[in-house]
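Undergrad: make a model of this:
(one chain, ligands or ions: 1)
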Amino acid sequence: MTTVTFVETDGTRHEVQARNGRSLMQAAVQNAVPGIDADCGGKCLCATCHVILPEEWYARIGGPNPDEKVMLDPTPERAPTSRLSCQIVVTEALEGLVVYLPAYQM
Ligand code: FES
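TA: The predicted model follows:
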């Protein structure tokens, strides 16, 4: 298990234990983190699992894959360090990861 934190726009923090090998989105849903709707269930088809990474974590994890970029680009709150959390696989290398939720999901 890896400790990751989701931060709402009002600053509310949700520190959760994420199962390694599963997606960051699954960790959010399993821990009832508000703001991760995940309407498509992790198939990279909805962009309702949008999160914004701090620059240092974005540099470590990397940018979106091509399909993910197609979904992210029309998202109103798209930031330079945006990712879809269903496309991020949790590993122990993500211990201490903090991600920020947009005000709205698409
Ligand atoms: S859950 Fe639908 S794109 Fe991530």
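
Undergrad: flag every residue of this protein that's near the ligand.
TA: When proximity is defined as C-beta under 6 Å from any ligand atom, the chain approaches the ligand at 25, 38-40, 42, 44-49, 71, 84, 86. Just so you know, the C-beta spots here come from the backbone N, C-alpha and C atoms, and that holds for glycine as well.

Undergrad: quick one: buried ones out of those residues?
TA: Those of the residues of the chain next to the ligand that meet the buried threshold are 25, 38, 40, 42, 44, 46, 47, 48, 49, 71, 84, 86, by 16 or more other C-beta atoms under 10 Å.

Undergrad: quick one, grab the pLDDT at the residue most central in space within the chain.
TA: Among the residues of the chain, the one closest to the centroid is residue 85, at 2.9 Å (C-alpha atoms, centre = their mean). Reading off the confidence values, residue 85 has pLDDT 98.

Undergrad: residues contacting it?
TA: By C-beta atoms under 8 Å, 6 or more residues apart in numbering, residue 85 lies in contact with 23, 24, 25, 28, 36, 38, 49, 50, 51, 99.

Undergrad: quickly note the distance from it to residue 41.
TA: 13 Å (C-beta to C-beta, to the nearest Å).
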